[in-house]
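Asks: model the structure of this input:
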Amino acid sequence: MPNKLFKWIIIAAAVGAAGFFGYRYWEASKSALPKGIASGNGRIEAKLVDIAAKEPLRVKEIRVDEGALVHPGEVLVVMDTATLEAELTKARLNVAATRQKEAVSQATIVRTKAAIELANIEVKRSSALVAERAGSQRELDVRKMALKSTSASLQEEEAKLRTTQEEVKVAQADIATIQTRIDDATLRSPVDGRVLYRLAEVGEVLGAGGKALTLVNLGDVYMEIFLPAEQAAPLEAGAEARIAVDGAPFVVPAEVSFVSPEAQFTPKQVETKSEREKLMFRVKLRVPEKIVEANLQRVKTGMRGVGYVKLNEAAQWPASLQNLLTPSTEAAAKGSRQDRAAEPTPTSGAAEHPQVNKRR
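Replies: Residues are numbered from 1 along each chain as shown. Below is the predicted model of the structure:
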């Protein structure tokens, strides 16, 4: 009897073990990827963009807070430019004064040319009188020297005019330089992004290169995964990819934008096949900008998940990776939320439900 009981115990244990391992195998087969699909763990990341002052100035206004969405050209920070405005006024006055000098030089040149014309007439007249023995040679010589002197004065005034014109150009360049500095004091967003950090406050003086804000560039959202050499070898930029975020009911479409040409984890001596299989290559999966723009509340940096790539175009995505985000996903979600908000809420007021009164 004890032997028979022991025998049944062994059989039950064997059946239980077979069932356990069978269930594990069934679960593994369900989650197994189809042939031609590879995966790796990672998290959604994005490039960071610093909004910094170009020169030492005081912060006058900060128009955004952490978490705010910003767009290219949007004004984020305004620096105090009172000193620069004063320099600009001074430069404009300098241009006006230099233009007055230019006008004086031009008038002097006109007067000198008239004097030269008169001197030429007098020289011709004196020369005719000397030829007829009706005038003195001395008077002719004096008028010739006066003509030469007046001609030299004209050259001097023309040189002064050219110098003054150059001074006007220099003064105008000073205005352009100061205006550029004033324009640079208005810090704008270069990208579509989200404010990650606010690093300065109103009234604070920032040095040259001092950071006021840090943005997450939503135009460059990606996940990096690591694949072994035999899977990374056939991958090329542009290959189809997908990202499954932990705990999310959707899948983010992506594409391979970069495959590292160098292994990230390399043993000191790569000699055997088993050692070569340990080589891992970094693969970057980039999310299209349109998907990010349309799903800002769903695709967030820092979210962890699994990235999947097609090793060949003939591979088929499993059903678990078919629920893709689209450029209209977020809009549809907002519409459904608005529709639910617009539905009438049941209340006890008979005036809001005239049909109830009719039935009564």
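Asks: mind listing the helices for this structure?
Replies: 2-31, 82-131, 137-184, 229-232, 273-276, 289-294, 329-342, 354-359 (DSSP state H).
Asks: next one: the closest residue to Gln165 other than its chain neighbours from Ala263, what distance?
Replies: Of all residues not flanking Gln165 in the chain, Glu102 sits nearest, at 6.1 Å (C-beta to C-beta, 6 or more residues apart in numbering). For every residue, glycine as well, the C-beta is placed using N, CA and C. For Glu102, the distance to Ala263 (C-beta to C-beta, to the nearest Å) stands at 69 Å.
Asks: ok, Pro190 next?
Replies: 34 Å.
Asks: and the nearest residue to Ala232 once chain neighbours are set aside, how many residues sit next to it?
Replies: Nearest non-adjacent residue to Ala232, counting by C-beta to C-beta, 6+ apart: Phe281, 3.8 Å away. Neighbour count for Phe281, taken as other C-beta atoms under 10 Å: 20.
Asks: show me what contacts Phe281?
Replies: Counting by C-beta atoms under 8 Å, 6 or more residues apart in numbering, Phe281 touches 226-229, 232, 259-260, 262-264.
Asks: most surrounded residue in the residues you listed?
Replies: Ala232 (24 neighbours).
Asks: just the pLDDT at that residue, thanks.
Replies: On pLDDT, Ala232 comes in at 88.
Asks: now swap in Arg304 and tell me
Replies: 91.
Asks: what's the answer for the one 10 residues further on, then?
Replies: If you check Ala314, the pLDDT there is 85.
Asks: state the phi and psi torsions of the residue nearest to it when sequence neighbours are not counted.
Replies: Spatial nearest neighbour of Ala314, excluding adjacent residues (C-beta to C-beta, 6+ apart): Gly36 at 6.6 Å. Main-chain torsions, Gly36, degrees, to the nearest 10: phi 90, psi 0.
Asks: ok, Gly36 - contacts?
Replies: Gly36 makes contact with 310-312, 314-316 under the criterion C-beta under 8 Å, 6+ apart.
Asks: which among those end up buried?
Replies: 310-311, 315 (16 or more other C-beta atoms under 10 Å).
Asks: let me have these in a markdown table, extended by distance to Leu118.
Replies: Output for these, formatted as a markdown table (distance: C-beta to C-beta, whole Å):
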| residue | distance to Leu118 |
| --- | --- |
| Lys310 | 93 |
| Leu311 | 96 |
| Ala315 | 98 |
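Asks: give me the subset of the residues you listed lying in strands.
Replies: Lys310 (DSSP state E).
Asks: which among the buried ones among the contacts of Gly36 gets closest to Ala107?
Replies: In terms of C-beta to C-beta, no member of the buried ones among the contacts of Gly36 lies closer to Ala107 than Lys310, at 80.3 Å.
Asks: what distance do you get for that closest one to Phe281?
Replies: 16 Å.
Asks: tell me, what's the model's pLDDT at Glu27?
Replies: For Glu27, pLDDT reads 47.
Asks: next one: Phe281
Replies: Predicted confidence (pLDDT) for Phe281: 89.
Asks: look up how far Glu157 lies from it.
Replies: Counting by C-beta to C-beta - Phe281 and Glu157 are separated by 76 Å.
Asks: then Thr98?
Replies: 16 Å.
Asks: one more: Leu129?
Replies: Leu129 is 31 Å from Glu157, by C-beta to C-beta.
Asks: looking at those two, which one has more neighbours?
Replies: The neighbour count for Leu129 versus Glu157, taken as other C-beta under 10 Å, is higher for Glu157 (20 against 15).
Asks: which of the residues in stretch 53-67 are buried?
Replies: 53-54, 57-59, 62, 64.
Asks: who touches it?
Replies: Stretch 53-67 is touched from outside by 70, 75-81, 181, 184-185, 187, 194-198, 200-210, 212-213, with contacts defined as C-beta under 8 Å, 6+ apart.
Asks: what residues sit buried inside the strand ranked longest in the chain?
Replies: Longest strand in the chain by number of residues, with DSSP E as the criterion: strand 211-228. Burial within strand 211-228, assessed by neighbour count using 16+ other C-beta under 10 Å, is assigned to 212-228.
Asks: gap between that strand and the chain center?
Replies: From the chain centre to the centre of strand 211-228 is a distance of 12 Å (C-alpha atoms, centre = their mean, to the nearest Å).
Asks: that strand: partners in the sheet, and parallel or antiparallel?
Replies: Looking at strand 211-228 with DSSP bridges, its partner strands are strand 37-52 (antiparallel), strand 193-198 (antiparallel), strand 280-286 (antiparallel).
Asks: out of those strands, which gets nearest to Val252?
Replies: With C-beta to C-beta as the yardstick, what comes closest out of the strands paired with strand 211-228 is strand 37-52 (7.9 Å).
Asks: got the buried residues for that closest one?
Replies: Buried-residue list, strand 37-52, by 16+ other C-beta under 10 Å: 37-40, 42-46, 49, 51-52.
Asks: alright, that wraps it up for me.
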